[in-house]
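Q: all I have is the shape, not the residue letters:
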């Protein structure tokens with residue numbers, strides 16, 4: 001289920017990134033009281049209106065965009081949100097300062113035991 005959730009986010013990024021650009025994916029371990037893995041998926045597309053950033057994780061919510069491939073029913077990010085929550089994680093979207101959308105997925109990390 002987690003693989004499918006990440007695939008949904010990456011598929012959206014590929015769909016909306018501008019021609020001639022790449023989708024950037026990074027993974028890092030955040031060290032704090034509760035260790036987390038932070039997965040970032042960034043496209044170079046039009047971004048999302050600020051008022052819709054949290055709403056895009058609701059079922060059937062679609063961002064109106066002109067001139068982009070807007071196939072789909074608006075369920076991918078809602079599914080991703082539910083799956084990440086089932087794994088005790090969080091997901092959020094933010095617009096990149098220089099354009100595009102960044103989706104961050106934070107998931108708890110268990111320390112390996114000897």
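A: That came through, no problem. Please read these numbers as outputs of a predicted model, since none were measured by experiment.

Q: just the pLDDT at the spatially most central residue of the chain, thanks.
A: Nearest residue to the geometric centre of the chain (CA atoms, centre = their mean): residue 103, 3.1 Å. Among the per-residue scores, residue 103 holds a pLDDT of 97.

Q: and it, that's in a helix?
A: No. Counting by DSSP: H, G, I helix; E, B strand; the rest coil, residue 103 is not part of a helix but strand.

Q: and residue 29, how far from residue 37?
A: Using CB to CB, to the nearest Å, residue 29 is found at 6 Å from residue 37. Every residue, glycine included, has its C-beta placed from N, CA and C.

Q: check residue 1 too.
A: 16 Å.

Q: and for residue 5?
A: Taking CB to CB, one finds residue 5 at 14 Å from residue 37.

Q: pick out whichever of those two has more residues nearby.
A: Ranked by neighbour count (other CB atoms under 10 Å), residue 5 and residue 37 place residue 5 first, with 23 against 14.

Q: in three-state terms, label that one for me.
A: Assigned state for residue 5: helix (three-state reduction, three-state DSSP).

Q: show me what contacts it?
A: 79-80, 83-84, 105 (CB atoms under 8 Å, 6 or more residues apart in numbering).

Q: that one and residue 36, how far apart?
A: Separation of residue 5 from residue 36 (CB to CB): 16 Å.

Q: repeat that for residue 89.
A: Residue 89 is 8 Å from residue 36, by CB to CB.

Q: same check, this time on residue 52
A: 26 Å.

Q: neighbour count for the two, which is higher?
A: Ranked by neighbour count (other CB under 10 Å), residue 52 and residue 36 place residue 36 first, with 18 against 15.

Q: between the contacts of residue 5, which is nearest residue 99?
A: residue 105 (21.0 Å; CB to CB).

Q: next, give phi and psi for the spatially closest residue to that closest one that is not a sequence neighbour.
A: Closest residue to residue 105 apart from its sequence neighbours, by CB to CB, 6 or more residues apart in numbering: residue 39 at 4.4 Å. The phi and psi values for residue 39, taken as degrees, to the nearest 10, are phi -100, psi 130.
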